[in-house]
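1. below: sequence and its predicted model.
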Amino acid sequence: MKAYHLNSHAGAGRLARADVNKPEPASGEVRIRVEAASLNYRDLITLDRAGQNELNGRVPLSDGAGVVDAIGSDVVKWRPGDRVAASFFRDWISGPFKSSYVPSSLGGNATDGMLAEYVVLPANALVAVPQHLSSVEAATLPCAGVTAFHGLVVRGGMGKGDMLLVQGTGGVALFGLQFAAALGARAIVISSSDEKLARAKALGGSILINYRDTPDWDVDLMKATHGEGASHILELGGPGTYDRSLRSVASGGKIVQVGVLTGFGPKPDLSRLQWENADIIGVTVGSLDHFTAMNRFLTEHAIHPVIDRVFGFDEVPEAYAHLRSGAHFGKVVVRL
């Protein structure tokens, strides 16, 4: 079979295609014929780390979906032909998070990912693909979808009448926007592109702010909400946006901290959280149970992921470059 491996070339991370043996499922395992895989910002960081001679030989990408191709002994839940997606953390099935789950993240430090024609995973690390979604759509769910659902819905308790601030129009942001619309919450969207803001409005955005034209977007946000602020903030930017998020959170509100897209830097002043009785919820994806609950939600509300562009298996480097450019609206997918 064919797969992609990470390695270092001339001091830079490189994606190398390789011909390798098709894996065989052992007891309790399932082999999946991967039909699609999607990219996340984490995958750019992982590729860059490969350039420092880390992760050489690792199969990248945490997110993928396909069809069960073969099963090992003692597997009773799945049959060949079943449509499945892999959970981001292979070992986090249910219950609270434990640091011991980190090495089991697909496409990370210690565990191969989904950018291969066939992968073998434990049977209990898979979820059924919602019937209304294609494999290309389902491949976008494991990281971005589960992150937004876990943070905003499960732990954030977002519901009707709430006000969500969404930063940008990447995968996690647009899943959050779609979940808010389905729950009857209003959404504020900030972006540097008027075109992307117009598309976000069509998905349910009600207050739209171009932060390139309005650098003090937190001031505009407070004016637009009559001084109340946002009850839920999907914090994706990191140090570049954190202080403004803190100034934008409503009394009793929740900042769902997801990303570090603008890098690591000075620590924000958290004192306002105390005076507003607000919370920060730190989220790194979620469990298989969260994934399963999200799929029920997607089915109930007939939600389809927003896909920016689909690349072929021979175009994986171009898919990475497109994601890195920041030009995307929604998810970037590779079809196998």
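-> Thanks, I have it. Numbering: from 1, shown residues only.

2. so what's A70 up against?
-> Residues in contact with A70, defined by C-beta atoms under 8 Å, 6 or more residues apart in numbering, are 24-25, 30-31, 80. Bear in mind the C-beta positions are built from the backbone N, C-alpha and C, glycine included.

3. any quick PyMOL command for the buried ones out of the residues you listed?
-> Applying 16 or more other C-beta atoms under 10 Å to the contacts of A70, the buried members can be selected in PyMOL as follows:
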select buried, resi 25+30+31
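
4. closest to E228 among the contacts of A70?
-> For the contacts of A70, the residue nearest E228 by C-beta to C-beta is V30; the value is 48.6 Å.

5. what about the closest residue to K77 other than its chain neighbours, how many residues nearby?
-> Residue nearest to K77 in three dimensions, not counting chain neighbours: A123, with 5.6 Å by C-beta to C-beta, 6 or more residues apart in numbering. A123 has 19 neighbouring residues, counting by other C-beta atoms under 10 Å.

6. A123 is in contact with W78, isn't it?
-> Yes: using C-beta atoms under 8 Å, A123 is in contact with W78, at 5.8 Å.

7. overlap in contacts, the two.
-> Here A123 and W78 have 30, 71 as joint contacts, going by C-beta under 8 Å, 6+ apart.

8. what's the neighbour count on G157?
-> For G157, the neighbour count with other C-beta under 10 Å is 12.

9. can you tell me the SS state at I188?
-> Secondary structure, DSSP: H, G, I helix; E, B strand; the rest coil: I188 is strand.

10. neighbouring contacts of stretch 200-220?
-> Contacts with stretch 200-220, where a contact means C-beta under 8 Å, 6+ apart, come from 166, 169, 174, 177-178, 180-181, 186-194, 197-198, 221, 224-225, 244-245, 247-248, 306.

11. next up, phi/psi of the residue nearest to K77, please.
-> phi -60, psi -30 (degrees, to the nearest 10).

12. do you know the pLDDT at it?
-> pLDDT for A123: 98.

13. would you mind measuring from it to N109?
-> When distance is defined by C-beta to C-beta, to the nearest Å, A123 is 24 Å away from N109.

14. do L47 as well
-> L47 sits 14 Å away from N109, going by C-beta to C-beta.

15. which of these two has more residues huddled nearby?
-> Taking neighbours as other C-beta under 10 Å, L47 and N109 compare with L47 leading, 20 against 12.

16. excluding chain neighbours, what is closest to that one?
-> G13 (4.0 Å).

17. near that neighbour, how many other residues are there?
-> The burial count for G13: 23, using other C-beta under 10 Å.

18. what's the following helix or strand after whichever helix or strand it is part of?
-> Using DSSP states H and E, G13 sits in strand 12-19. For strand 12-19, the following helix or strand on the C-terminal side (DSSP H and E) is strand 29-38.

19. so which residue is dead centre in this structure?
-> A144 (1.6 Å; C-alpha atoms, centre = their mean).

20. got phi/psi on the residue lying closest to that one once chain neighbours are set aside?
-> With sequence-adjacent residues excluded and distances taken as C-beta to C-beta, 6+ apart, A144 is closest to G171, at 3.5 Å. Phi and psi for G171, reported as degrees, to the nearest 10, are phi -60, psi -50.

21. show me what contacts G171?
-> Contacts of G171 by C-beta under 8 Å, 6+ apart are 38, 40, 140, 143-145, 305-306, 330-331.

22. what of A128?
-> With contact set as C-beta under 8 Å, 6+ apart, A128 has these partners: 82-84, 295.

23. which one of those sits closest to Y320?
-> V84 (25.0 Å).

24. ok, what's across the strand from that closest one?
-> G66, A128 (DSSP bridges).

25. D112 touches L121, doesn't it?
-> No: assessed by C-beta under 8 Å, D112 is found out of contact with L121, at 9.7 Å.

26. okay, the closest residue in space to G28 that isn't next to it in sequence: pLDDT?
-> Of all residues not flanking G28 in the chain, D74 sits nearest, at 5.2 Å (C-beta to C-beta, 6+ apart). Confidence at D74, expressed as pLDDT, is 95.

27. before we move on, what SS does D74 have?
-> The three-state assignment at D74 reads coil, by three-state DSSP.
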